[in-house]
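# need coordinates for the following:
(one chain, ligands or ions: 2)
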Amino acid sequence: MSTIKITDLKLLNKRVLIRSDLNVPIKNKKIISYARIHASLPTIELALKENAKVIITSHLGRPIEGVYNSELSLRPIYEYFKKKFNNTKVHFLKNYLHGIEICSGELAILENVRFNKGEIENDTHLSKKYASLCDIFVMDAFGSLHRNESSTYGLSKYSKIACVGLLLESELKTLNNILKNPKKPMVTIVGGAKVSTKFNILKTLAKISDTLIVGGGIANTFIAIDNNVGRSLHEPNFINQAKSLRDNYNIFIPTDSLVSTTFNENSIGVNKEVSNIEENEEIMDFGKNTIKNMILILKNAKTIFWNGPVGVFEFKNFQQGTKTLAETIAKNNNAFSIAGGGDTLSVIETLNIKNKISYVSTGGGSLLKILEQKKLPIMKLLERRI
Ligand SMILES: Nc1ncnc2c1ncn2[C@@H]1O[C@H](COP(=O)(O)OP(=O)(O)O)[C@@H](O)[C@H]1O
Ligand SMILES: O=C(OP(=O)(O)O)[C@H](O)COP(=O)(O)O
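Ligands and ions are numbered 1, 2, ... in the order given. Have a look, this model is predicted:
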């Protein structure tokens, strides 16, 4: 990787805008997982130590663009930074596009970038406005490296100086090394809810893996090839692609599921063969037999890549599939294991198994994109700016 690195630059008195990925699970305004925040700290601490005017920006969740939503405010993250850096003046700015008043050695947390119209479409006008707020832009959001948005791609393009932060540098270096020679059998698990983002990467993952285990909304889309999936999260537009993958690669698809007619904290699951799911039911987790068969595959693996819970892990009655998956990976001492993703990090923290996974990444979708071994557009751009 040949880019400008934050350590190559003099930051003193400069307005340094850091794009971090602080997209962490938050429930009732409380942060559930700190992993991404902690991983972002080294770059922020470096900029503060160098006495820069430090500005931090991130998205949180997926608000309707241009509409403020208090549930998706970065305020809880600002509260964290205020406590963490209690000797530093920490600002929280909602309206910042026309300029930021900040002194050297201070920190400003900007409100959720996805409240700004044009952020997701990578609007040039918005990108240039962001760029005018800083002297140096630091791309450090590994978890959002696959998102070509104004605060990621746009800033990398239009800021006066664009460089790579410590987290991004370290993630790319480690992952590139790991990917050089993965031991076989290699098992990849892709679960979660972001079906459309992940589906397009599945073919490459299926090609390089001995077995690809699908969970969550991805698995439901495979189940829907031959079955009624009722109200389950799935993407009908990807069913044909799922069929072609199933027919050509070794894909582990659930044969039974835990289903429910309601979707809430207290919902009760019923174990059903995937061929018996009814119109008013929703797949919430792997079923018992699927879990048993999954364990056998994971026990034999020598390399494991994992992104995404295989069920609705947030609800106590639908944790078993993901819990067993995580614990089986943790127990396999013969395998080199890599796991990442916003909610995957939360699972790893909840189960307290971080030190039993060989490498924990802050990226989920971006981690899968790196597995594809393709250079991402933001990295191409940053390399051109050297
Ligand atoms: N069967 C399912 N139905 C609905 N949501 C699911 C299902 N399985 C998993 N999920 C949800 O997927 C979400 C995580 O998805 P995703 O963001 O893709 O993972 P990650 O952040 O680890 O990359 C969790 O909120 C989980 O509840
Ligand atoms: O959480 C993220 O991705 P992940 O769920 O794949 O780990 C990133 O912050 C990107 O978020 P996005 O998928 O809403 O663009």
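# what sits against whichever residue of the stretch 1-150 of the chain sits closest to ligand 1?
Relative to ligand 1, the nearest point of the stretch 1-150 of the chain is P25 (7.7 Å; CB to the nearest ligand atom). All C-beta atoms are positioned from the backbone trio N, CA, C, and that covers glycine. Contact analysis of P25 by CB atoms under 8 Å, 6 or more residues apart in numbering lists I31, I32, S33, G342, D343, S346.
# look up how far ligand 2 lies from it.
Look at P25 and ligand 2: by CB to the nearest ligand atom, to the nearest Å, they are 9 Å apart.
# narrow the contacts of P25 to those that are buried.
I31, S33, G342, D343, S346 (16 or more other CB atoms under 10 Å).
# confidence score at the third one?
Just to be clear, that refers to G342. G342 is assigned a pLDDT of 95 by the prediction.
# then M1?
Note on M1: pLDDT of 67.
# tell me which element whichever residue of the stretch 101-250 of the chain sits closest to ligand 1 falls in.
Closest residue of the stretch 101-250 of the chain to ligand 1, CB to the nearest ligand atom: G192 (2.4 Å). Under the criterion DSSP states H and E, no helix or strand holds G192.
# give me the pLDDT value at the residue of the chain most remote from its centre.
No residue in the chain sits farther from the centre than N276, which is 32.9 Å out by CA atoms, centre = their mean. The score at N276 is 98. That number is its pLDDT.
# from V310, how far out is it?
Using CB to CB, to the nearest Å, we find N276 at a distance of 20 Å from V310.
# which bits of this protein sit near ligand 2?
Within reach of ligand 2 by CB under 6 Å from any ligand atom, the chain has these residues: D21, N23, R62, G143, S144, R147, K194, G341, G342, G363, G364, G365.
# just the closest of the contacts of P25 to V67, please.
G342 (21.7 Å; CB to CB).
# looking at it, that closest one is touching G364, isn't it?
Yes - taking CB atoms under 8 Å as the definition, G342 is a contact partner of G364 at 6.0 Å.
# which residues do those two both contact?
G143.
# quick check: closest non-adjacent residue to the residue of the stretch 201-350 of the chain found nearest ligand 1.
For the stretch 201-350 of the chain, the residue positioned closest to ligand 1 under CB to the nearest ligand atom is G341, at a distance of 2.6 Å. Leaving aside its sequence neighbours, G341 sits nearest to G364 (CB to CB, 6 or more residues apart in numbering; 2.5 Å).
# is it fair to say L212 lies in a helix?
No - the assignment for L212 by DSSP: H, G, I helix; E, B strand; the rest coil gives strand, which leaves it out of any helix.
# circling back to that earlier point, residues contacting the residue nearest to G341?
G143, G192, K194, N307, G308, G340, G341, G342, D343, T344.
# ok, so of those, who is nearest L175?
If you rank the contacts of G364 by distance to L175 using CB to CB, G340 comes first, at 9.2 Å.
# what about the residue nearest to the closest one when sequence neighbours are not counted, neighbour count?
Leaving out its chain neighbours, the residue that sits closest to G340 by CB to CB, 6+ apart is S361, at 3.1 Å. By other CB atoms under 10 Å, the residues close to S361 number 25.
# before we move on, the earlier item: give me the subset of the buried ones among the contacts of P25 lying in strands.
I31 (DSSP state E).
# just the ones of the buried ones among the contacts of P25 in helices?
Cross-referencing the buried ones among the contacts of P25 against helices under DSSP state H gives G342, D343, S346.
# any idea how far the nearest residue to F115 once chain neighbours are set aside is from L155?
Leaving aside its sequence neighbours, F115 sits nearest to Y68 (CB to CB, 6+ apart; 5.5 Å). From Y68 across to L155, the span is 22 Å (CB to CB).
# likewise for L172?
For L172 relative to L155 (CB to CB), the value is 18 Å.
# who's more crowded, these two?
Using other CB under 10 Å as the criterion, L172 and L155 rank with L155 on top: 27 against 19.
# that one is in what secondary structure piece?
Going by DSSP H and E, L155 is part of helix 155-158.
# so what's the residue count around the residue nearest to K29 when sequence neighbours are not counted?
Distance criterion CB to CB, 6+ apart; nearest residue to K29, sequence neighbours excluded, is P76 at 5.4 Å. By other CB under 10 Å, the residues close to P76 number 15.
# any chance you could list what contacts the helix or strand encompassing P76?
Following DSSP H and E, one finds P76 within helix 75-84. Helix 75-84 has contacts (CB under 8 Å, 6+ apart) with 22, 24, 26, 29-31, 34, 37, 41, 56, 58, 60, 90, 92, 107, 109.
# which of those fall in strands?
Counting by DSSP E, those contribute I26, K30, I31, I56, V90, F92, L107, I109 to strands.
# all helices of this structure, in order?
Assigned by DSSP H, the chain shows helices spanning 35-49, 75-84, 124-131, 155-158, 166-178, 195-199, 202-208, 216-223, 239-248, 288-300, 320-331, 342-351, 365-371, 377-384.
# surely I329 and I357 touch.
Yes - counting by CB under 8 Å, I329 does reach I357; the two are 6.6 Å apart.
# distance of the one residue in the chain that gets nearest to ligand 2 from E282?
Of all residues in the chain, G364 sits closest to ligand 2, at 2.5 Å by CB to the nearest ligand atom. Distance of G364 to E282, computed by CB to CB: 23 Å.
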